[in-house]
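Novice: My questions concern the predicted model and sequence given below.
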Amino acid sequence: MEKIEYDAVVIGGGLAGLMSAHEIASAGYKVAVISKVFPTRSHSAAAEGGIAAYIPGNSDPNDNPDYMTYDTVKGGDYLVDQDAAELLSNKSGEIAMLLERWGALFNRQPDGRIAVRYFGGQTYPRTRFVGDKTGMALLHTLFERVSGLSVDFYNEWFALDLVTDNKRVVGLVAMPMKTMTPYFFKTKAVVIASGGMGMLYRHTTNSYINTGDGFGIALRAGAALKDPEFVQFHPTALYPSDILISEAARGEGAILKNIKGERFMAKYAPKKLDLAPRDIVSRSIITEIREGRGYPGGYVGLDLTHLGEEYIKERLALAYEAAKNFAGVDAINEPIPVRPAQHYYMGGIDVDIKGRNPDLIGLYSAGEAACVSVHGANRLGSNSLLDTLVFGQETGRTVVEFLRSNPNTPTSNYEKEAEKVVDDAYKFVKSESGVHFGEILEKLRDVMWDNVGIFRDEGGLLNAMSEINNLRDMVSKMYVTDKSKVYNTEFFNALELRNMLDLAIVIAKSALDRKESRGAHYRTDYPERDDNNWLKHTIAYLRGNTVEITYKPVKMTRWKPEPRVY
Amino acid sequence: MSQNLQEQEVVFKVKRFSPEKGDWWSEYKIKVDRFTQFTEALRRIKSEQDSTLSYRASCHMAVCGSCGMKINGEPRLACKTLVLDIVKKYNNNVITIEPMDYFKPIKDLVVDWDEFYDRMFKVKPRLYPSKEVLEEKAEHRLKPEDQKELWKFAQCIWCGLCVSACPAVRIDSEFLGPAAHAKGYRFLADPRDTITDERMKILIDSSWRCTYCYQCFNVCPRDIEPVTAIKKTRSFTKNYSDKSEVAKRGEKHVEAIYDSIKQTGKLLEGMVYLKTYGLIQSLTDLIYMSKTGKLKYALVQEKNVQNINEIKKILGGEKK
Ligand SMILES: Cc1cc2nc3c(=O)[nH]c(=O)nc-3n(C[C@H](O)[C@H](O)[C@H](O)COP(=O)(O)OP(=O)(O)OC[C@H]3O[C@@H](n4cnc5c(N)ncnc54)[C@H](O)[C@@H]3O)c2cc1C
Ligand code: SF4
Ligand code: SF4
Ligand code: FES
């Protein structure tokens, strides 16, 4: 197998991966970024609303980073590590200004300074934005910046697995999609910044490429995931493409209606109505659909028609255009078809505040792939872009420290292990019969949606466990019909599916074990938050077919749990 | 809300390619409704009918630029296009899907973007802020109106549709192409940038190689108007000393257009061509235009507009 050598390798060309790579390259180390898509096609491009940042001298005069930390901790239903949230808040202004210096076209105030808007869960407004395409603007700025440094990009390369030696990362195997020849990347440090995993669910606002590869890779290498049961659902995704219709629509007065034309939120949240928190609205919509009051196909209507054309086009341009382009619906005359969809993954590779994984020397993670944890049980809007950049930078700096104190490359007999990685992957291509990835994939997405989704209970989760175990058996019999040696996407879809199933079993088991409701994790059989027993992080390993679970305390600094009142 | 999903069966004829087998066509029948995007139709074909079909798609919301392809001959983003809209537009439930023109196919609808990326990187697509700003000794202030102007061109998602539609890129290897020009102008016009001279050197000559056919304007899914970026780049020529032959000829061309409008009130392409390029070059171009079906525009019979004096007044006495 061909060998390439780097000081550090980053898996992922989204905001988190690029920021880590920037730090490592700026310190003079040789770094490679491996991404299965051209970096600007990463999911970060899809973020709309903005990035939270307290900028001294350019914020609400009453605001300060402590309020930001408090909002984050409370939003996360107290499962947030408070030292991490403090770091996030304290660094927010600096990181936003850094992106500004690099050319990000933030919207401006009349005096030329960066403008600010209000976002859900904030005591004071502190979200910075670029039109309604903040993610795209920041990702392009950062990519353009990093592409001017001496970083080697391996775009449309697929990372298969890590190679380890005695709990130390010695490299990884990846292959270019264009030629499908495996390469061994020999390296001292690997940063997994491979993003989220929305494709596990039948309905998701995520990109098609968000298949949670990094979670599978980490689990197979023996690293733990933290809080894997916490999956965020957004109540208003456009039917049927699941494109996000921002909360701003309801903020401006849009009303959710069932097929009978009833404003059903009056029943579920009489005070807050359509502006109740995301998890409550999601649960209400699903209840309406399950009880037969949704539209055929399974959605409800988000009614803007009473707002009038002028108001809609001025204040809700994006929602209006999305409905028009992607659903063929003119929101001036008819309601926008919406339903909840998976949106964000709070769980992730277990790392500390410096991005280090405690299980493997040389393994780091940042962004949505990692769980630091700053989002706890429920992420606040506009905190995730901030997380990718702040912890992308922290992680990159930690890698630099590590490389400085470990100048010698580990000697290791990697050949055999690397070959095994490739053999395992190629099994699917070599078989001449078996099951297709499509069949397993569609079943998995339904099982996750129905049993490990917005509502969970013991029966459903046990059922999911056994279904997922069956599907994992089927994966060993999976085969790829396309034998082509060029850009064989069927082969890569099969590998993604393997990663998805390794993650799915861990999510289901962790959700089964957490016998309480907290943030996005809602158990109908345990509807209350239980701080006495469950104010702790789940730590989950995958050993063969068993999920091993332990727990770790939540780091508290100043903020004591309070009831979550709406 | 209309509950009629307008479910209907459509036939996709997809142009396939593999280096081993060359070109062929595959046909798939699938049921869609009025909400089905092309990316979703392709995803279903791949997971339910033929897993060997290769294409690119990521965001499914027209922001990542992955899914450019030719649908019934038009360059489009597959995610931004609803299947039934195409059925209605062409009044036909048989739809062809092909890889984008100009780019080399790698596998089925997946094309090779390397050359496109090279063009994009040629324009140094990044801000070069001043040293003071980088060292945090100074802070940028950007006027809201400047932000607005730049943001229009900064929204390019590198989808390549404009390049696949551009005739000039095909015949002129010195031309950077519409997307690179949009990107280049976005930084050329940024008051925070410090390498304006270098950017002019990169962009100005190339900007005069565009034929103003507006194809890029028509196909861009983000309404970037690359041709507008090119026009605005050309206006930098007067501030630039080191003009190439192409740029000088370009300036002459503009004068010719000006004269044409001043004399007749209309843009007489034929007359402008003759004045700018001379007879031989004009004839060569006419042959190219007739091949690409554009000749009809050049040969339109023009009459002077009636209130020509008004136009002359608007244009004023001086040349710009
Ligand atoms: C519709 C939507 C809107 C959002 N809006 C906001 C918002 O307004 N504000 C906010 O703060 N957050 C928002 N978020 C969340 C935020 O966008 C994401 O959490 C964040 O962008 C994740 O960035 P990342 O760098 O971790 O990963 P990504 O940007 O997802 O990048 C992952 C990278 O990993 C690579 N990769 C994955 N697997 C492999 C593999 N096997 N081999 C090689 N490479 C691989 C991919 O190619 C990609 O480059 C939104 C999310 C969605 C879905
Ligand atoms: S207007 Fe210019 S850049 Fe645009 S397609 Fe035509 S020749 Fe190409
Ligand atoms: S200018 Fe428009 S069509 Fe061209 S690459 Fe950019 S977004 Fe695509
Ligand atoms: S899939 Fe991203 S632009 Fe179409």
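Specialist: Looks like it arrived, so ask away. Residues are numbered from 1 along each chain as shown, chains lettered A, B, ... in the order given. Ligands and ions are numbered 1, 2, ... in the order given.

Novice: which residues touch the residue nearest to residue A:117 when sequence neighbours are not counted?
Specialist: Among residues not flanking residue A:117 along the chain, residue A:127 sits closest, at 5.1 Å (CB to CB, 6 or more residues apart in numbering or on different chains). All C-beta spots, glycine's among them, are computed from the backbone N, C-alpha and C. With contact taken as CB atoms under 8 Å, 6 or more residues apart in numbering or on different chains, residue A:127 is in contact with A:49-53, A:116-119, A:381-382.

Novice: now residue B:12
Specialist: Per CB under 8 Å, 6+ apart, neighbours of residue B:12: B:27-30, B:41, B:45, B:95-97.

Novice: which of the contacts of residue A:127 count as buried?
Specialist: A:49-53, A:116, A:119, A:381-382 (16 or more other CB atoms under 10 Å in any protein chain shown).

Novice: ok, and which of those reach ligand 1?
Specialist: Near ligand 1, judged by CB under 6 Å from any ligand atom, the entries from the buried ones among the contacts of residue A:127 are A:49-51, A:382.

Novice: what does chain B have sitting close to ligand 2?
Specialist: Contact residues (CB under 6 Å from any ligand atom) of chain B with ligand 2: B:165-168, B:178, B:210-216, B:226-227, B:230.

Novice: For the stretch 201-350 of chain A, which residue gets nearest to ligand 1?
Specialist: When scored by CB to the nearest ligand atom, the stretch 201-350 of chain A has residue A:213 as its residue closest to ligand 1, at 3.4 Å.

Novice: Which pLDDT value belongs to the residue nearest to that residue when sequence neighbours are not counted?
Specialist: Spatially, and ignoring its direct neighbours in sequence, residue A:213 is nearest to residue A:499 (4.6 Å; CB to CB, 6+ apart). Looking at residue A:499, its pLDDT stands at 97.

Novice: least trustworthy helix or strand in chain B by mean pLDDT?
Specialist: One helix or strand of chain B scores below all others by mean pLDDT, DSSP states H and E: helix B:295-298, with a mean of 40.

Novice: Tell me who's in contact with the closest residue to residue B:183 other than its chain neighbours.
Specialist: Closest residue in space to residue B:183, ignoring its immediate chain neighbours: residue B:125 at 4.8 Å, by CB to CB, 6+ apart. Residue B:125 sits next to A:144, A:147, B:183-184, B:187 when contact means CB under 8 Å, 6+ apart.

Novice: Let me have the contacts of residue A:127 in CSV, adding secondary structure as columns.
Specialist: Shown next, in CSV, are the contacts of residue A:127 (DSSP: H, G, I helix; E, B strand; the rest coil):
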residue, secondary structure
A:49, coil
A:50, coil
A:51, strand
A:52, strand
A:53, coil
A:116, coil
A:117, strand
A:118, coil
A:119, coil
A:381, coil
A:382, coil
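
Novice: Convert stretch A:363-371 to CSV, retaining C-alpha atoms only.
Specialist: What follows is stretch A:363-371, C-alpha atoms only, in CSV (Å, rounded to 0.1, in the frame of the first residue of the first chain):
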residue,chain,number,x,y,z
LEU,A,363,-6.8,11.3,18.7
TYR,A,364,-8.5,14.7,18.6
SER,A,365,-11.9,15.8,17.5
ALA,A,366,-13.8,19.1,16.9
GLY,A,367,-17.1,20.5,15.6
GLU,A,368,-20.3,18.5,15.4
ALA,A,369,-18.3,15.2,15.4
ALA,A,370,-17.0,16.0,18.9
CYS,A,371,-18.8,16.3,22.3
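
Novice: ok, back up a step: how about the helix or strand where the residue nearest to residue A:213 lies and ligand 1, touching?
Specialist: Using DSSP states H and E, residue A:499 sits in helix A:489-513. No - using CB under 6 Å from any ligand atom, helix A:489-513 stays clear of ligand 1, coming no nearer than 7.3 Å.

Novice: Could I get the buried residue list for the next helix-or-strand element following that helix?
Specialist: Note on helix A:489-513: by DSSP H and E, the next helix or strand toward the C-terminus is helix A:531-534. If you call a residue buried by 16+ other CB under 10 Å, then helix A:531-534 has these buried ones: A:531, A:534.

Novice: and what of stretch B:225-239?
Specialist: Residues B:225-230, B:232-234, B:236-237 are the ones in stretch B:225-239 that count as buried (16+ other CB under 10 Å).

Novice: Quick check: the farthest pair among those residues?
Specialist: B:225 and B:237 (19.3 Å; CB to CB).

Novice: do you know how far the residue lying closest to residue B:186 once chain neighbours are set aside is from ligand 1?
Specialist: Of all residues not flanking residue B:186 in the chain, residue B:153 sits nearest, at 4.1 Å (CB to CB, 6+ apart). Distance of residue B:153 to ligand 1, computed by CB to the nearest ligand atom, to the nearest Å: 22 Å.

Novice: who's in contact with residue B:153?
Specialist: The contact partners of residue B:153, by CB under 8 Å, 6+ apart, come to B:182-183, B:185-186, B:189, B:224, B:229.

Novice: Please apply the same query to residue A:266.
Specialist: residue A:273.

Novice: to the chain's geometric centre, what's the distance from the helix or strand hosting it?
Specialist: Residue A:266 belongs to helix A:265-268 when assigned by DSSP H and E. Centroid separation for helix A:265-268 versus its chain: 30 Å, with CA atoms, centre = their mean, to the nearest Å.

Novice: for ligand 1, what are the nearby residues on the stretch 201-350 of chain A?
Specialist: Counting by CB under 6 Å from any ligand atom, the stretch 201-350 of chain A sits next to ligand 1 at A:205-206, A:209, A:213-214, A:244, A:343-344.

Novice: Looking at these, which are in strands?
Specialist: Among these, the ones falling in strands (DSSP state E) are A:343-344.

Novice: Where does confidence bottom out across the residues of the stretch 201-350 of chain A next to ligand 1?
Specialist: Within those, pLDDT is lowest for residue A:244, at 93.

Novice: In space, what's closest to the residue of chain B found nearest ligand 1 - neighbours in sequence excluded?
Specialist: The minimum distance from chain B to ligand 1, using CB to the nearest ligand atom, falls at residue B:61 (7.2 Å). Spatial nearest neighbour of residue B:61, excluding adjacent residues (CB to CB, 6+ apart): residue A:243 at 4.7 Å.

Novice: Flag the shaky bits of chain A, pLDDT-wise.
Specialist: Along chain A, segments meeting pLDDT under 70 span A:565-566.

Novice: thinking again about what came up before, least confident of the buried residues of stretch B:225-239?
Specialist: Among the buried residues of stretch B:225-239, residue B:237 has the lowest pLDDT, at 88.

Novice: what sits against that one?
Specialist: B:204, B:207-208, B:243, B:247, B:250-251.

Novice: Can you lay out those as a markdown table showing distance to residue B:139?
Specialist: As requested, those are exported to a markdown table (distance: CB to CB, whole Å):
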| residue | distance to residue B:139 |
| --- | --- |
| B:204 | 31 |
| B:207 | 32 |
| B:208 | 37 |
| B:243 | 36 |
| B:247 | 36 |
| B:250 | 38 |
| B:251 | 38 |
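
Novice: Among those, which one has the most neighbours?
Specialist: Neighbour counts for those, by other CB atoms under 10 Å in any protein chain shown, peak at residue B:207, which reaches 27 neighbours.

Novice: Check whether the closest residue to ligand 4 within the stretch 251-400 of chain A sits in a helix, strand or coil.
Specialist: Residue nearest to ligand 4 within the stretch 251-400 of chain A: residue A:326 (10.4 Å; CB to the nearest ligand atom). Following three-state DSSP, the label given to residue A:326 is helix.
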